[in-house]
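K.L.:
the following block contains a protein sequence and its predicted model.
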Amino acid sequence: MTVRIVALIGTVCALLLPTAASAYIGPGAGASLAGSLLGVLAAIVTALAIVLFWPLRLLYKKFKGNKQMATETVEASEASEEASSGAAE
């Protein structure tokens, strides 16, 4: 039993010691990683911009719609005045 514990502790200690990786990641992998990160960042920024500007878009449409309604109301009242003045003559 003690031999197993000593062997286990020795194995864990050996696995935790740092060693040189001797690995090389070329520039192609780095460029791929950078491109992926930029894509994710662009998606997040776009999503935030849409969420933040959506109320402003609705306000713009509301005010623009009110101006169009006011113009249509004035044109309709002018047309009805012309029709009523034409009928009176």
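P.N.:
On my side now, so go ahead.
K.L.:
so which residues of the protein form helices?
P.N.:
2-16, 27-88 (DSSP state H).
K.L.:
ranking those by mean pLDDT, which is last?
P.N.:
Among the helices of the chain, helix 27-88 carries the lowest mean pLDDT, a mean of 80.
K.L.:
reformat the helices of the chain as TSV; add mean neighbour count.
P.N.:
No exception for glycine: its C-beta is placed from N, CA and C like everyone else's. Listed next are the helices of the chain as TSV, based on neighbours: other CB atoms under 10 Å:
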stretch	mean neighbour count
helix 2-16	9
helix 27-88	10
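K.L.:
now do the residue nearest in space to the middle of the chain against Leu41, distance only.
P.N.:
Nearest to the geometric centre of the chain sits Ala47, at 1.4 Å (CA atoms, centre = their mean). According to CB to CB, to the nearest Å, Ala47 and Leu41 sit 11 Å apart.
K.L.:
go on, Pro18?
P.N.:
32 Å.
K.L.:
next one: Ile50
P.N.:
For Ile50, the distance to Leu41 - CB to CB - is 15 Å.
K.L.:
also Leu48?
P.N.:
For Leu48, the distance to Leu41 - CB to CB - is 11 Å.
K.L.:
next: Ala31.
P.N.:
Per CB to CB, Ala31 is found 15 Å from Leu41.
K.L.:
how about Ala21?
P.N.:
Distance, Ala21 to Leu41, using CB to CB: 28 Å.
K.L.:
repeat that for Val3.
P.N.:
54 Å.
K.L.:
same thing with Cys13?
P.N.:
Taking CB to CB as the measure, Cys13 falls 41 Å from Leu41.
K.L.:
phi first, then psi, for Tyr24.
P.N.:
When read as degrees, to the nearest 10, the backbone of Tyr24 gives phi -130, psi 130.
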